[in-house]
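1. A predicted structure for the sequence below; I have some questions about it.
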Amino acid sequence: MERIPTVTPPAHKTLGRLSELRRLRERSAHDMLLLPNSQWTHALNRAWIEEGLRRYEPFLLISDGDFRGTILEWELRIVRAAGYTRHGRWWRPR
């Protein structure tokens, strides 16, 4: 029987500002949620984050600075509320 090669998904989710995610997408296989604005919703974004939380995946934060009032701040609140803690650029489950 011939084996069909499979692609293993990345073992972490990547969070950051949209402009930085777009640049990163061009040269890596990070698991990022990049959708046209017309297709993006809070519910879809939350489901993508919760998928990583259910799998106990770490989250890589690629952006620096002040995230107050942004979607990124909202995402990080969800991750933190799930019991994740920050270690440098990584958010990991306890």
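-> The structure has been received and is ready for your questions. Numbering: from 1, shown residues only.
2. can you pull the contacts of Trp48?
-> By CB atoms under 8 Å, 6 or more residues apart in numbering, Trp48 lies in contact with Lys13, Leu33. Bear in mind the C-beta positions are built from the backbone N, C-alpha and C, glycine included.
3. Now the host helix or strand of it: average pLDDT?
-> Taking DSSP states H and E as the definition, Trp48 sits inside helix 42-54. Average pLDDT, helix 42-54: 93.
4. Next one, pLDDT for the closest residue to His30 other than its chain neighbours please.
-> Using CB to CB, 6 or more residues apart in numbering and skipping the chain neighbours, the partner closest in space to His30 is Thr14 (3.9 Å). With respect to pLDDT, Thr14 has a value of 87.
5. Now do stretch 15-24: everything it contacts.
-> Here stretch 15-24 makes contact (CB under 8 Å, 6+ apart) with 14, 30, 32, 34, 59-63, 70, 72, 75-76, 79, 91.
6. At which residues are the strands of the protein located?
-> For the chain, applying DSSP state E gives strands covering 13-15, 59-61, 84-87, 90-93.
7. Tell me how far Ala11 lies from Glu75.
-> Distance, Ala11 to Glu75, using CB to CB, to the nearest Å: 18 Å.
8. Looking at the two, which has the bigger crowd around it?
-> The residue with more neighbours, out of Ala11 and Glu75, is Glu75; 22 against 10, by other CB atoms under 10 Å.
9. So the more buried one sits against Asn45, correct?
-> Yes: if you go by CB atoms under 8 Å, Glu75 and Asn45 touch, sitting 7.1 Å apart.
10. buried sites along stretch 62-81?
-> Buried residues in stretch 62-81, counted by 16 or more other CB atoms under 10 Å: Phe67, Leu72, Glu75, Leu76, Val79.
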